[in-house]
Every structure is written in C-alpha cells, then in structure tokens.
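Colleague: Kindly generate the corresponding structure for this input.
(2 chains)
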Amino acid sequence: MFRPSHELTKKELKEKNYQNLLSTITFFLFMPALIIIFLLFLKGYPALSWDFIFQDPINGMTAGGIFPTIVGTFWLVIISVIVSCPLGVIAAIYLSEYAADNKLNRMIRLAILNLAGVPSIVHALFGLGAFVLFLNMGTSILAASFTLAVMNLPVIITSTLESLQSVPLSYREASWNVGASKLQTIRHIVLPNSIPGILTGLVFSVGRSAGETAAILFTGVAFYLPFLPKSVFDQCMSLSMHLFTISTQVVGVPDAYPFATALVLILLILSVNSISVGLRYYFRTRRKW
Amino acid sequence: MNKNHAVNTNEFSFWYGNFQALKGLTFNITANRITALIGPSGCGKSTYLKCLNRINERGTEVSHNGSIQIFGEDIYHPQVALPELRKQVGMVFQKPNPLPLSIYENVLFGAKTHLKTLKRSALDEMVESSLKRVGLWDDLKTQLNRSALTLSLEKQQRLCIARLLPLKPKLLLLDEPCSALDPAGIEAIEILVKDLKKDYSIIIVTHSMSQAKRVSDETIFMYMGELVEMSSTKSLFETPKEARTAAYIEGRFG
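Modeller: Have a look, this model is predicted:
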C-alpha cells in the first residue's frame, strides 16, 4: 500500500539526478580556489623563507625579500580602515534608523550600490584628483588609504545596513514603547544585536583592501623604495603592487619570487578572513539570547 | 474636562499618506475601566490605539486633524516629547516582543532609559514588584538571568506587561494581546488584565467579541475608520442601537 508507484520512482530518480548535478557544479566552483592555492604553494615554496619575508629586496628586486611591501600593505590597510569604518557605520546607522523612506534617501542608497560597482581604476583616478592634487596630500600613504577607504565605503555601508536591518522591528518597537529614545534604542538594542554582522563586513573589507592594486597605483605606492615609510605622508610599497612589478616590469626575477609573493598576499588575506569567521563564531557562542 | 476621563478624543482624523484611516472620532474613555475596541480588520481600531502613544509615526508620512487628550493633556501638542508620552502610555503588542535580554533586564529596560541613577536594591525591588504584579515572580524568581526569549508565549506576554509597570504608566494599551496565545494563556492574561484595572486605565483592541464581552466594561465598535457605537459592554452586546453593530456582533460580517 505504501510502496512507491512507477511514477513516484521516476520522480525520485529525477530528484536524485538534480541533486547530484547541483552538488557537482558547486564542487567545481570550489576547485579554482583550491587549485590556485595549491599551485602557489607548489611554485612559490622554493623561495619562501623567513629571510624572504623579513628582508628588503636587493639587486633591483631580483633577490632579497619583500619586507617593505608587507609593511606598506599594513599601513595602507590600517589607515583606510580607521577612515572608512566609522564613516561607513555612521552612514549605515543613519540610513537604517533615521532616514525616512523618501526619494532623496532612496537615491542615496542607489548611489551607494552603484559606487560599489565602480571599477577600482576609476577610484584611483578620483583619488588622484581629489586627495593627491586637490587636497594636496601628494602621492602618499594618506592619499592611497583615503582612496581605498572611498572604495570600501559602499561595501561597509551595505553590509552594516544589512546587519542593522536584520534586527527585528519588534525589538525597536518594544524599546520605543517604553519611552527609549532612538539613540538609546540604537545603542542598547540595535547595535548589540548587529555587531557580529557589522564586524564580519568590516573584516572582509580589510581583506579586500589588502589585495587592491589599481586604486593605490597613482595615489601613494611606489615601485621600489630604499626605506620604510616613517609617516603617512611618505609613499610606501605594497604586496599587490610588488607582485605586479616583479611579474611584468623587472627582468631577471627568479621564477619562484612572484609566486611566493602572491602566496604571502593570499595567506594574509585568508588569515584576515578567518579572523572574521572566528569573530562571528565567538559572538554566536557568547550570546546567551 | 471630566476628571473621570482618561482619554478625550475630539473630531480626530488620521491619515497614512493619502489614506484616511480614522474619520472624525469623538468619544471619551473612562479612567480605571477596561474599554474594548472592536470591529472588522481595517476598521482603524489598531490605528487609533497606536495614535495614543504615537508609535505609528515612523517611516510612512502620517498626518492628523482634531485632538486627543490623555488625562487632559493634548498628546499632539508640539511640545510633547515622545519618550515621555510612551513612558506614560505603554503598549502591549499582538505578538509578545520581549527584548533579547535577560528577564531582569527586560523588566528594567524602560526604567533604566529614564532614570539614570538607581541603586541595585531599588532595581531589584522594581523587578520583584513588577513580576509579582503580573504573576511571574514565583515561577521565575530563581531564573532572572535567563533569556526572556526562552519563555513561553504567555509568560513573554506577561513580561511585556511587567516591563511597563516600573514606568508607572497612566494608560495601558493592549493590541490584541491574546491573539498569539493558547486558550489557557488567553484566560490567564484576561484575569491579569481585569486585575490591573484597579490601578490602570486600559484600552484593549480585540478581534474576539467573546473576549470583549468577558473583560471590558465599555465597548467601542468601529467600522471603516468611524465610530459606530459606544456604550457599556453589556448594552452594546445585548441591545445594540445601530444596525451595523448588530450585524457585526451577530457575525454577519467582519
């Protein structure tokens, strides 16, 4: 009585086939990531050593290490985060909690979404015009970090906005209803419940800016510098730019060098991203409600 | 105005954008009574309730005409501070909405936003008396740090009432407070609401006519944003004056 009919058996077979198809496709999408990391390890491993990481490049960048590029990347990322995080989070709070649903605010949201789609080389040109020339920062860490910050703002705003909006309206209503002001509601109810999402978004944007090349190309990064930056008004080197330089612009670089540089860059970004995953996990387990 | 009146509503109309939700309402609600608002969906009963602590002024454009006075004070006066109004006119929502905090913090959330400096002992006192008042103290006194979200719906709803009490509200608004509860929960909340009448003026919006009959002293029947009939609950259900009221309470529409 409960045995499958012929029709049902056919249906179940079809179901199974589709499931297999979907899982195969997903698996193949995962492959490139694995292959990239595997190849980088394979080809870059011979050059990888503590010296490679902690020494300056020498002999016209054909030997030595990549230390200044790592330092430069840290400068750029940290300063851009210091600039973009508060601005992005504040803008997202305004858009989520205060902005009325009118034409102007809908246009602002649309503009932010579109800004996220602007190619990074265009951001670089904007940074060159706005920060390097108009604000007279010169090609410097500051100008390059600001450019990165502008590029990351839409991403931060969008991810923060999503986290804020995921806090149920009923929590806000409950809070207003006992006479809490908007600010009190944001501070005591909305932010504590959206902080994991906000942090995750922020950390991902850090990873993005670490790997960015075009945006910092004209604004503050040099091919080669014989010294480390001393202040934000100096130029710096960066991992991503260095990778481009030694792959295409310099003759006589050992084969393994670009791969090892790329490997360091990827590992750096992966570790930043795993911090983000870790943070999310930490907040999830720590929450008692 | 009459001292026994909790709410005086005078020619009050209300619009969401271009949609007129309330049309020239005029009536008085007596203090220390339970007044039920009934009517079919979309009749404006919830809108009216939300006007009383102006919780519906977010996002969409709203406008009004006429006046509402609560204990003699115009709540749409430009100098009215919404946090102060909402502190004194508290609402209990259809779906219990405890905050994602502990039971203890839930009860005190409102009080803490208004009073800056309070001693721990005073806070403890507040939690105990509020939870006692809604009948949760005996069950929960040993688990005050438990998340409020883990309580049963009925207890959550009691907690939502309890968290209004430290604010010493003058008027309690209940927006279909039982619609998410099972029969036992409904009965428990109704008993609690009747008991709270001693200390508070209560307005309850309900879909259930039997609930209006059971708990309320006075009943207002609204239809399409208008007041159709208001009288004591007994006479409204036994001898309705308006044909539309009679039709609704007999279940012919709505």
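
Colleague: For the stretch 101-250 of chain A, which residues are neighbours of chain B?
Modeller: Within the stretch 101-250 of chain A, the positions adjacent to chain B are A:101, A:168, A:170-171, A:173-181, A:184, A:188-189, A:193 by Cβ under 8 Å from any Cβ of the partner chain. All C-beta atoms are positioned from the backbone trio N, CA, C, and that covers glycine.

Colleague: for the stretch 151-289 of chain A, which spans come out with low pLDDT?
Modeller: In the prediction, the stretch 151-289 of chain A carries residues with pLDDT under 70 at positions A:286-289.

Colleague: For it, which segments count as helices?
Modeller: For the stretch 151-289 of chain A, the helices defined by DSSP state H, counting those that start in this stretch cover A:169-177, A:182-185, A:191-211, A:214-217, A:239-248, A:256-286.

Colleague: ditto for the stretch 151-254 of chain B
Modeller: Using DSSP H, counting those that start in this stretch, helices in the stretch 151-254 of chain B cover B:153-162, B:183-196, B:209-215, B:233-238, B:243-249.

Colleague: Of all the ones you listed, which one comes closest to chain A?
Modeller: Chain A sits nearest to helix B:153-162 of all the helices of the stretch 151-254 of chain B, at 7.4 Å, using Cβ to the nearest Cβ.

Colleague: returning to what we had before: out of the helices of the stretch 151-254 of chain B, which one sits most buried?
Modeller: Highest mean neighbour count among the helices of the stretch 151-254 of chain B (mean count of other Cβ atoms under 10 Å in any protein chain shown): helix B:153-162, with a mean of 23.

Colleague: which ones are touching B:Y248?
Modeller: Neighbouring residues of B:Y248 by Cβ atoms under 8 Å, 6 or more residues apart in numbering or on different chains: B:I38, B:G39, B:P40, B:F221, B:Y223, B:G254.

Colleague: The closest residue to B:Q157 other than its chain neighbours and B:E154: what is the separation?
Modeller: The shortest distance from B:Q157 to any non-neighbouring residue, by Cβ to Cβ, 6 or more residues apart in numbering or on different chains, is to B:P96 (4.3 Å). Counting by Cβ to Cβ, to the nearest Å, the separation of B:P96 from B:E154 is 8 Å.

Colleague: Also A:P154?
Modeller: Using Cβ to Cβ, one obtains 46 Å as the distance from A:P154 to B:E154.

Colleague: Equivalent analysis for B:S121, please.
Modeller: Relative to B:E154, B:S121 is positioned 30 Å away (Cβ to Cβ).

Colleague: shouldn't A:L243 be in contact with A:A260?
Modeller: No. Using Cβ atoms under 8 Å, A:L243 is not in contact with A:A260; the gap is 9.9 Å.

Colleague: quick one, which of these two is more surrounded?
Modeller: When A:L243 and A:A260 are compared for neighbours, A:A260 comes out ahead with 25 against 22, by other Cβ atoms under 10 Å in any protein chain shown.

Colleague: Now do the strands for the chain: every range, in order, please.
Modeller: You didn't say which chain, so I picked chain A. Using DSSP state E, the strands found in chain A span residues A:57-58, A:63-64.

Colleague: Chain B was what I was after
Modeller: Secondary structure of chain B (DSSP E): strands located at B:5-16, B:19-30, B:34-38, B:62-70, B:73-74, B:89-92, B:171-175, B:201-205, B:218-223, B:226-232.

Colleague: Looking at those, spot the one closest to chain A.
Modeller: Among the strands of chain B, strand B:89-92 sits nearest to chain A (Cβ to the nearest Cβ), with 5.1 Å.

Colleague: Which positions within that closest one qualify as buried?
Modeller: For strand B:89-92, the neighbour count (16 or more other Cβ atoms under 10 Å in any protein chain shown) marks B:V89, B:G90, B:M91, B:V92 as buried.

Colleague: Can you give me the distance of the residue lying closest to B:R158 once chain neighbours are set aside to A:Q55?
Modeller: In space, and not counting its chain neighbours, B:R158 is closest to B:V134: 4.4 Å by Cβ to Cβ, 6+ apart. The spacing between B:V134 and A:Q55, counted by Cβ to Cβ, is 70 Å.

Colleague: Make a PyMOL selection of whichever of the contacts of B:Y248 turn out to be buried.
Modeller: Listed next is the PyMOL selection for buried residues among those, using 16+ other Cβ under 10 Å:
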select buried, chain B and resi 38+39+221+223+254
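
Colleague: Closest to B:R54 out of the contacts of B:Y248?
Modeller: Among these, B:G39 lies closest to B:R54 (Cβ to Cβ), at 21.2 Å.

Colleague: For beta bridges, what are the partners of the closest residue to the closest one other than its chain neighbours?
Modeller: Spatial nearest neighbour of B:G39, chain neighbours left out: B:M222 (4.0 Å); criterion: Cβ to Cβ, 6+ apart. Applying DSSP bridges to B:M222 gives these bridge partners: B:L227.

Colleague: Could you report the pLDDT at B:M222?
Modeller: B:M222 carries a pLDDT value of 93.

Colleague: and it, how many residues sit next to it?
Modeller: B:M222: 24 neighbours (other Cβ under 10 Å).

Colleague: which residues does it contact?
Modeller: If you count contacts by Cβ under 8 Å, 6+ apart, then B:M222 has B:L37, B:I38, B:G39, B:C43, B:G44, B:K45, B:Y48, B:V228 around it.

Colleague: if I look at the closest residue to chain B within the stretch 101-250 of chain A, how far off is B:W15?
Modeller: Per Cβ to the nearest Cβ, A:V178 is where the stretch 101-250 of chain A lies closest to chain B, at 2.9 Å. According to Cβ to Cβ, A:V178 stands 27 Å off from B:W15.

Colleague: go on, A:M137?
Modeller: From A:M137 to B:W15 the distance is 52 Å (Cβ to Cβ).

Colleague: Between these two, which has more neighbouring residues?
Modeller: Taking A:M137 and B:W15 together and counting by other Cβ under 10 Å, A:M137 has the greater number of neighbours (21 against 18).

Colleague: Touching, the more buried one and A:T147? I think so.
Modeller: No. Checked against Cβ under 8 Å, the pair A:M137 and A:T147 is beyond contact range at 10.1 Å.

Colleague: joint contacts of the two?
Modeller: Contacts common to A:M137 and A:T147, judged by Cβ under 8 Å, 6+ apart, are A:F131.

Colleague: Surely A:N273 is in contact with A:G207?
Modeller: Yes. Between A:N273 and A:G207 there is a contact at 5.1 Å, judged by Cβ under 8 Å.

Colleague: quick one, which of these two is more surrounded?
Modeller: Between A:N273 and A:G207, A:G207 has the larger neighbour count (other Cβ under 10 Å), namely 19 against 16.
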